[in-house]
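Q: No letters, just coordinates:
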Ligand code: 7RM
């Protein structure tokens, strides 16, 4: 018998069939799984999007490159904004915007979105921006960030959004790689009551990004920032006098395969990859998944609490929901400012019915305690979603119970920057959910689990997640790096997309995501995924969050090191350490028992909330730290290093 690529040791028996009333009204009904691949995407493409010229061929697949909706002409902003206004929905709210400073609120209707987008697009034209001109966007969570993206799409200028909060170096790398000619930013952003100096950071970045000729600066906080004469323009001054009538700036007819945007992902290697997304396939993919998976209704108030700079913000705050004419919430600040019930206050105020967030946020709320949610009426919630990491079953249960009142379906959605759209997820009116499982491939998606040599792994076994057919929103390549594109995603199994994630399929055909394959540990020849050990730890009633990694061990190859955050800010103890080791051994077996545990108030995470296990490995092996530029809070890893060192001397 050969060793499996990844073993599975955690079992989960809880099951939640969809509530009957939800199932009866759901956008997705069981026959959706009977639709053929071609018919599904053909129909969604024709009916969900409006076309200036209809497409003549559904797709073309010349591995590793796909094209979708060939021959079609359309415009993303037309689909997301103009057509809704034309249909009489101009007064419908597109975004309920909630600023971080208390009391600062603004509703932006579709008609306003159209006017503001048109005005900015006209202004960008005066700066020489036209079809094909690359534009960088470096902003916080303000409506103008979406307006900037839509203004670019209106005139056919591809954009790259850089997380407000990335360093000057990260910003200049991206602006330089895409050869951006214009940067749109703001004076400062609000964050936890203090300001983030976006313009100043941009100024620093621009020294290394000579392609940028002009900078548009939105006034947000109103504090003084340096402006460079001839290069920098205040947004409000630039758009003054520009017409806001949509006819003054018609939506540019774009080819289905014209570039919509690049989004850079850092991964583990130094140079970020510019993931390319094009027009029609991307929009069809995100709008279709948004409609069926989130079960949006015409009167829904949908809140995706991600940042606009993450792909989740692109696909499920801006393009997917707006294409479907959905009312959304856009919140500028952090979940605990000024208090830990800020999110729940927002849900109550706007009567949010669909909430989409990440496991990291759910675990933070778990750590703070459910009493904050209990202060508010959350009965408007009808559906909850999760994205970004495998969700620990206990966090899933907590979310359903304390936020969803034990009534709402929870959809755990697996996807990547590269896939553009959700690929594996329950359909909330159909799927019986299981805490910790993303369940089934979306209709028109062909996902499977392969072993090392490319054989499909049967039920129960773990292996590598692959996608066997192209899909409309798939990346069209890595910008200016065909070789890296072929090597990263298409070299392991030939013409099959390798996602870089481990997964297993259970007896019901449900997928369980096991984290990045680079993080898999090897203990005495057993290949163990980090997520199962972490979930066993989080299963303990005192544990809020846990991350594990392997460190070299002379005897077992690798030994498991766990980093654990206790609930309510509690400190660890020797007794707790032993209790947790035994808890893991009981829950999933002695092989997975951590060799040591470091208690820590925080874990090192990326800005989208993913735990950076690579850095924990560096700490565990007492190496100098690898690339830390994508860390949300660089101080955290130093703190962990000190704690780990203190523990080592205590031994
Ligand atoms: C949307 C996004 C992609 C990586 C992906 C996985 C992990 C995302 C889930 C998940 C388990 C999920 N894009 N991931 N969603 N793992 N279950 N529901 O996160 O490009 O930033 O990251 O995130 O490892 O490969 S991303």
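A: Perfect, I can see it now. Bear in mind that the values here come from a model prediction, so they are computed numbers and not experimental data. Numbers count the residues shown, from 1 in each chain.
Q: What residues does this structure have near the ligand?
A: Taking Cβ under 6 Å from any ligand atom, the part of the chain that reaches the ligand is made up of 265, 311-312, 387-390, 412-417, 438, 499-501, 513, 516, 608. Just so you know, the C-beta spots here come from the backbone N, C-alpha and C atoms, and that holds for glycine as well.
Q: Recalculate using a threshold of 8 Å.
A: 265, 310-312, 315, 358-359, 386-391, 412-419, 424-425, 438, 499-501, 513, 515-516, 531, 606, 608, 610 (Cβ under 8 Å from any ligand atom).
Q: Among those, which lie within strands?
A: 265, 386, 412, 499-501, 513, 515-516 (DSSP state E).
Q: so residue 134 makes contact with residue 179?
A: Yes. Between residue 134 and residue 179 there is a contact under Cβ atoms under 8 Å: 5.7 Å.
Q: more neighbours, these two?
A: residue 134 (23 against 14; other Cβ atoms under 10 Å).
Q: Can you give me every residue that contacts that one?
A: 157-160, 178-181 (Cβ atoms under 8 Å, 6 or more residues apart in numbering).
Q: same thing with residue 109?
A: Taking Cβ under 8 Å, 6+ apart as the criterion, residue 109 is in contact with 90-94.
Q: In strands only, show me the contacts of residue 134.
A: Going by DSSP E, the strands hold 159-160 from the contacts of residue 134.
Q: Now for the ones in strands among the residues of the chain next to the ligand: which two are most distant?
A: 265 and 412 (21.0 Å; Cβ to Cβ).
Q: Which of these two has more residues huddled nearby?
A: Just comparing residue 265 and residue 412: by other Cβ under 10 Å the higher neighbour count belongs to residue 412, 27 against 16.
Q: Would you mind confirming that the more buried one is in contact with residue 439?
A: Yes. Residue 412 is within contact range of residue 439, at 7.4 Å (criterion: Cβ under 8 Å).
Q: who touches both of the two?
A: 425-426, 433.
Q: Output these in TSV; the columns should cover neighbour count, pLDDT and distance to residue 378.
A: TSV is the format used below for the shared contacts of residue 412 and residue 439 (neighbours: other Cβ atoms under 10 Å; pLDDT from 0 to 100; distance: Cβ to Cβ, whole Å):
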residue	neighbour count	pLDDT	distance to residue 378
425	27	98	22
426	26	98	21
433	23	98	19
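Q: Out of those, which is nearest to residue 196?
A: Using Cβ to Cβ, the shared contacts of residue 412 and residue 439 come closest to residue 196 at residue 425, 32.9 Å.
Q: what's near enough to touch the nearest residue to that closest one once chain neighbours are set aside?
A: Closest residue in space to residue 425, ignoring its immediate chain neighbours: residue 413 at 4.1 Å, by Cβ to Cβ, 6 or more residues apart in numbering. Going by Cβ under 8 Å, 6+ apart, residue 413 touches 293, 356, 385-387, 422, 424-425, 438.
Q: Write a ChimeraX command that selects only the buried members of those residues.
A: Command for ChimeraX that selects the buried part of those, burial taken from 16 or more other Cβ atoms under 10 Å:
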select :293,356,385,386,387,422,424,425,438
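Q: Taking the contacts of residue 413, tell me the two that lie furthest apart.
A: So for these, where distance means Cβ to Cβ, the most widely separated pair is 356 and 424, at 15.3 Å.
Q: where do the helices sit along the stretch 401-550 of the chain?
A: For the stretch 401-550 of the chain, applying DSSP state H, counting those that start in this stretch gives helices covering 482-490, 530-538.
Q: To clarify, my last question referred to the stretch 1-150 of the chain.
A: Using DSSP H, counting those that start in this stretch, helices in the stretch 1-150 of the chain cover 20-25, 37-48, 76-77, 83-84, 110-126, 143-155.
Q: and residue 576, what are its phi and psi?
A: Dihedral pair for residue 576: phi -60, psi -40, per degrees, to the nearest 10.
Q: swap in residue 577?
A: phi -60, psi -50.
Q: Excluding residues flanking it in the chain, which one is nearest it?
A: Per Cβ to Cβ, 6+ apart, closest to residue 577 is residue 597, 5.0 Å.
Q: Could you measure from the one you found over to the ligand?
A: 24 Å (Cβ to the nearest ligand atom, to the nearest Å).
Q: Wasn't that residue part of a strand?
A: Yes. Residue 597: assigned to a strand according to DSSP: H, G, I helix; E, B strand; the rest coil.
Q: For it, give the beta-bridge partners.
A: In this entry, residue 597 is beta-bridged to residue 562, by DSSP bridges.
Q: hmm, back to that, would you reformat the contacts of residue 413 as a markdown table and include distance to residue 167?
A: Putting the contacts of residue 413 into a markdown table (distance: Cβ to Cβ, whole Å) gives the following:
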| residue | distance to residue 167 |
| --- | --- |
| 293 | 34 |
| 356 | 28 |
| 385 | 30 |
| 386 | 29 |
| 387 | 25 |
| 422 | 30 |
| 424 | 33 |
| 425 | 33 |
| 438 | 32 |
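Q: how close does residue 407 sit to residue 400?
A: 8 Å (Cβ to Cβ, to the nearest Å).
Q: Give me the more crowded residue out of these two.
A: residue 400 (20 against 13).
Q: Give me the secondary structure label for the more buried one.
A: Criterion first, three-state DSSP; result for residue 400: helix.
Q: cool, residue 330 as well?
A: strand.
Q: is it true that residue 604 touches residue 636?
A: Yes. Contact criterion Cβ under 8 Å: residue 604 and residue 636 qualify, at 5.0 Å.
Q: Those two: who's more crowded?
A: Taking neighbours as other Cβ under 10 Å, residue 604 and residue 636 compare with residue 604 leading, 28 against 19.
Q: Show me the shaky parts of this protein.
A: 1-3, 267-270, 647-651 (pLDDT under 70).
Q: which residue is nearest the middle of it?
A: Centroid-nearest residue in the chain, with Cα atoms, centre = their mean: residue 312, separated by 3.4 Å.
Q: Isn't that residue up against residue 319?
A: No. The criterion here is Cβ under 8 Å, and residue 312 misses it with residue 319 at 11.2 Å.
Q: Got the phi and psi for the residue in the stretch 301-450 of the chain positioned nearest to the ligand?
A: Going by Cβ to the nearest ligand atom, the ligand is nearest to residue 417 of the stretch 301-450 of the chain, at 3.4 Å. When read as degrees, to the nearest 10, the backbone of residue 417 gives phi -50, psi -40.
Q: tell me the contacts of it?
A: 263, 265, 275, 311, 475.
Q: Run a quick neighbour tally on residue 13.
A: For residue 13, using other Cβ under 10 Å, the count is 6.
Q: Next: the one 10 residues further on.
A: Neighbourhood size, residue 23 [other Cβ under 10 Å]: 18.
Q: Give the ChimeraX command for selecting the buried subset of the contacts of residue 134.
A: Restricted to buried positions by 16+ other Cβ under 10 Å, the ChimeraX selection for those reads:
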select :157,158,159,160,178,180,181
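Q: For residue 378, which non-adjacent residue is spatially closest?
A: With Cβ to Cβ, 6+ apart, the residue lying closest to residue 378 is residue 347, at 5.5 Å.
Q: hmm, who's touching the helix or strand encompassing that neighbour?
A: Using DSSP states H and E, residue 347 sits within helix 342-350. Residues outside helix 342-350 that contact it (Cβ under 8 Å, 6+ apart) are 96, 98, 301, 303, 305, 329, 331, 333-336, 352, 355, 365, 372-373, 375-378, 380-381.
Q: Let's see which of these end up in strands.
A: 96, 98, 301, 303, 329, 331, 355.
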